[in-house]
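Q: next input, structure requested:
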Amino acid sequence: MSIKPAHVALIPAFAIATLLAACKDQAPAQGNAAPPAPLVGIITLDTEVHALTTELPGRTTAYRSAEVRPQVNGIIQKRLFDEGSEVKAGQQLYQIDAAVYEATLKSAEATLAATRSRAQRYAELVKDNAVSQQAHDEARAAFLQAQASLEQARINVRYTKVLAPIDGRIGRSLASEGALVNSGQAQPLATIQQLDPIYVDVTQPSAELLRLRRAMAEGLLQKAGDNAATVSLKLEDGSLYPHEGKLEFSEVSVDAGTGSVTVRALFPNPDKLLLPGMFVKAELVSGVMQNAILVPQQGVSRDPRGRPIAMVVNEEGKVEARQLQTERAVGNRWLVTAGLQAGDRLITEGLQYIQPGVPVQTKPAGNLTADQQ
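A: The predicted structure follows:
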């Protein structure tokens, strides 16, 4: 019977203990492994040509407005127009009962004939001293007075036909057939408004007016005349009005209470799309930037002090914070004048998972609209 040495039997036990110790050493190392770099969506910035615009709020006003009023007293017999229709200057709108005025006209015509005959007869007799000069003068005065009465009678008959004073669109009638109207009444019969062209009155602080005047003097505004700038119009629904107008800087009124000024723009309105009282926005091109940086709003946030900041991926693949200077909002983008440049990789997606100095993985941003890319 042979006996094996003791150290030979201990080898397997020593190997097992060594293996277990190695496993214990490796377990913490695997637990401390660095997490993968976060994935962010980026857009590479580039410059573009951008027209700087100034937006001014305003309201439309009729180019001309006329109230239709009766010039004689009487009963309205007929209304001769459709409410809301287009009328022409001189078009008859109402007929007032003319019977009394026509009778007065006939009486004035008869009186004129009699006084004319008498005045002519006395003119011959006064030459032969058959009548006094005073009698001749009285006959002559009576004739002239009869002429004036006849002309007044003709005017009154003409005024029984109420005519449109201007071209334009007439509103609803405020008097119906059978209504008694008077020449001095306060209420008009109807109102006519000329809508083509049409005014847009824009209101702005006086400081803004000074800035616009300076921009025009420097040639930044697109000129439509010596003292007018080209202006486009945005309607209440956000759509762009198809016709271009001009903003007159010569006709300016200042509100002493608020210090604001009202500037009047003139727009063609052939389709009558603009109606008086509509709220609109006038846009002036106040300059052109050849190398503008427009940044999606998703990539701009604010620091605790309210200053705009952006996160970019630098050349080392790490997040870098940039403080920005923004000029204005342009739709769903910011016009940035400092802090970013062409070629910068701006982070717009995954901002909640990063902080400055952290390495990241990048992909094209998927949270941008077509006009932001």
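Q: so Gln341 makes contact with Ile293?
A: Yes. Here Gln341 reaches Ile293: they are 6.9 Å apart, a contact under Cβ atoms under 8 Å. Backbone N, C-alpha and C define where each C-beta goes, glycine included.
Q: which residues in the stretch 151-300 of the chain form helices?
A: 206-217 (DSSP state H, counting those that start in this stretch).
Q: on that earlier part again, overlap of the contact sets of Gln341 and Ile293?
A: Taking Cβ atoms under 8 Å, 6 or more residues apart in numbering as the contact rule, Gln341 and Ile293 both touch Leu45.
Q: of those two, which one has the most company?
A: The residue with more neighbours, out of Gln341 and Ile293, is Ile293; 24 against 14, by other Cβ atoms under 10 Å.
Q: list the contacts for the more buried one?
A: Contacts of Ile293 by Cβ under 8 Å, 6+ apart are Leu45, Thr47, Leu335, Val336, Thr337, Leu340, Gln341, Ala342.
Q: just the buried ones from the residues you listed?
A: Leu45, Leu335, Val336, Leu340 (16 or more other Cβ atoms under 10 Å).
Q: just to revisit the earlier point, just the closest of the contacts of Ile293 to Ala142, please.
A: Leu335 (83.6 Å; Cβ to Cβ).
Q: so the residue nearest to the closest one when sequence neighbours are not counted is in which element?
A: Spatial nearest neighbour of Leu335, excluding adjacent residues (Cβ to Cβ, 6 or more residues apart in numbering): Glu327 at 4.2 Å. Secondary-structure element containing Glu327, defined by DSSP states H and E: strand 325-330.
Q: the next helix or strand after that strand vs strand 325-330, what angle?
A: As assigned by DSSP H and E, the chain's next helix or strand after strand 325-330 is strand 333-338. Strand 333-338 runs at 160 degrees relative to strand 325-330, counting by axes from the mean of the first three to the mean of the last three Cα atoms, to 10 degrees.
Q: I'd say Pro359 and Lys318 touch.
A: Yes. Counting by Cβ under 8 Å, Pro359 does reach Lys318; the two are 5.0 Å apart.
Q: could you single out the nearest of the buried ones among the contacts of Ile293 to Pro242?
A: Lowest distance from Pro242 to the buried ones among the contacts of Ile293 (Cβ to Cβ) belongs to Leu335, with 26.3 Å.
Q: hmm, that closest one is touching Asn291, no?
A: No. Using Cβ under 8 Å, Leu335 is not in contact with Asn291, being 11.7 Å away.
Q: quick one on the thing from earlier: make TSV out of the contacts of Ile293 and add distance to Gly257 and pLDDT.
A: Shown next, in TSV, are the contacts of Ile293 (distance: Cβ to Cβ, whole Å; pLDDT from 0 to 100):
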residue	distance to Gly257	pLDDT
Leu45	46	94
Thr47	45	93
Leu335	34	92
Val336	38	93
Thr337	36	88
Leu340	43	94
Gln341	46	93
Ala342	48	94
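Q: and these, which is closest to Gly350?
A: Gly350 lies nearest to Leu45 out of the contacts of Ile293, by Cβ to Cβ, at 17.5 Å.
Q: next, that closest one: phi, psi?
A: Main-chain torsions, Leu45, degrees, to the nearest 10: phi -80, psi 150.
Q: so which residues of the stretch 251-373 of the chain form strands?
A: Under the criterion DSSP state E, counting those that start in this stretch, the stretch 251-373 of the chain contains strands at 260-267, 279-296, 301-302, 308-313, 319-323, 325-330, 333-338, 345-349, 361-364.
Q: re earlier: who does the strand holding Glu327 pair up with?
A: strand 333-338 (antiparallel) (DSSP bridges).
Q: circling back to that earlier point, need the per-residue pLDDT for the residue nearest to Leu335.
A: On pLDDT, Glu327 comes in at 82.
Q: Arg172 now?
A: Reported pLDDT for Arg172: 94.
Q: same question, Ala6
A: 43.
Q: how deep is Leu275 tucked in, by neighbour count?
A: Counted by other Cβ under 10 Å, the residues lying close to Leu275 total 13.
Q: list the residues that contact it.
A: Thr60, Leu195.
Q: could you rerun that using 10 Å?
A: Contact analysis of Leu275 by Cβ atoms under 10 Å, 6 or more residues apart in numbering lists Thr60, Ala62, Arg169, Gln193, Leu195, Ile198, Asn269.
Q: how about the residue nearest to Leu335, what does it touch?
A: His50, Leu52, Met289, Ala292, Ile293, Trp334, Leu335, Val336, Thr337, Ala338.
Q: nearest to Asn73, of the residues you listed?
A: Using Cβ to Cβ, the contacts of Glu327 come closest to Asn73 at Leu52, 60.8 Å.
Q: doesn't Thr337 make contact with the closest one?
A: No. Assessed by Cβ atoms under 10 Å, Leu52 is found out of contact with Thr337, at 11.2 Å.
Q: tally of neighbours for Gln352?
A: 6.
Q: ah, wrong one, I meant Thr326
A: Thr326: 16 neighbours (other Cβ under 10 Å).
Q: partners of it in the sheet?
A: Counting by DSSP bridges, the residues bridging with Thr326 are Val336.
Q: ok, it - contacts?
A: Counting by Cβ under 10 Å, 6+ apart, Thr326 makes contact with Val295, Val300, Arg307, Pro308, Ala310, Trp334, Leu335, Val336, Thr337, Ala338, Gly339.
Q: look up phi and psi at the third one.
A: When you say that, I think you mean Arg307. phi -80, psi 140.
Q: ok, the residue lying closest to Ala338 once chain neighbours are set aside to Leu45 distance?
A: Closest residue in space to Ala338, ignoring its immediate chain neighbours: Gln325 at 3.9 Å, by Cβ to Cβ, 6+ apart. Plainly put, Gln325 is 15 Å away from Leu45 if you go by Cβ to Cβ, to the nearest Å.
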